[in-house]
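Peer 1: whatever this is, show me its structure:
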Amino acid sequence: MTEKNTRNFIYISMILFSMVMNTLAPLMTSIQERFSVSITISSSLPFISTFGTMISNFIGSFFIAQIGYKSFLTGAFIIEILGLVLFVTAINFPMIVLSVFLLGVATGATFMTLTSAFSHLDRKIQNFGFLNASFGIGGIIAPLLV
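Peer 2: Numbering: from 1, shown residues only. Next up is the predicted model:
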């Protein structure tokens, strides 16, 4: 894969993972209604997602150099798919909690890996402004789709 293709893959991945993470807020009332949980209990979900992101960044910083970008990113994609399947098929609130945690883990791992890979590209094709904007683009698109 050329460096420009790698860069474009990173942008698209950032947008897609951002879309997944930014669908939680618009779905909060649906989660509250479907699982009969209070606002107080459901408000733990963003914290759990952020906690998953933090855990993956701490753990990932030790393992990313040992197993490589591709293996780590592949693992993050697998965790993301598992979290999405669990979220969609959840029959109770604890399953939602677990899925949101897994989605946070996958997002943290992906963003860390993609940012690291992006920083190793040729400086001529790096655009960290657009890399960060990719997260915002996903955040704009996600609520529209929900």
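Peer 1: contact partners of the helix or strand containing K4?
Peer 2: Secondary structure assigned from DSSP states H and E places K4 in helix 3-21. Residues outside helix 3-21 that contact it (CB atoms under 8 Å, 6 or more residues apart in numbering): 1, 49, 80, 84, 103-104, 106-107, 110-111, 114, 117-118, 121-122, 125-126, 130-131, 134-139, 141-142, 145. Every residue, glycine included, has its C-beta placed from N, CA and C.
Peer 1: list the buried residues for the helix or strand following that helix?
Peer 2: Using DSSP H and E, the helix or strand that directly follows helix 3-21 along the chain is helix 24-35. Neighbour counts over helix 24-35 (16 or more other CB atoms under 10 Å) mark L24, L27, I31, Q32, F35 as buried.
Peer 1: format the residues you listed as CSV; extra columns: pLDDT.
Peer 2: Converted to CSV, the buried residues of helix 24-35 look like this (pLDDT from 0 to 100):
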residue, pLDDT
L24, 88
L27, 91
I31, 93
Q32, 94
F35, 94
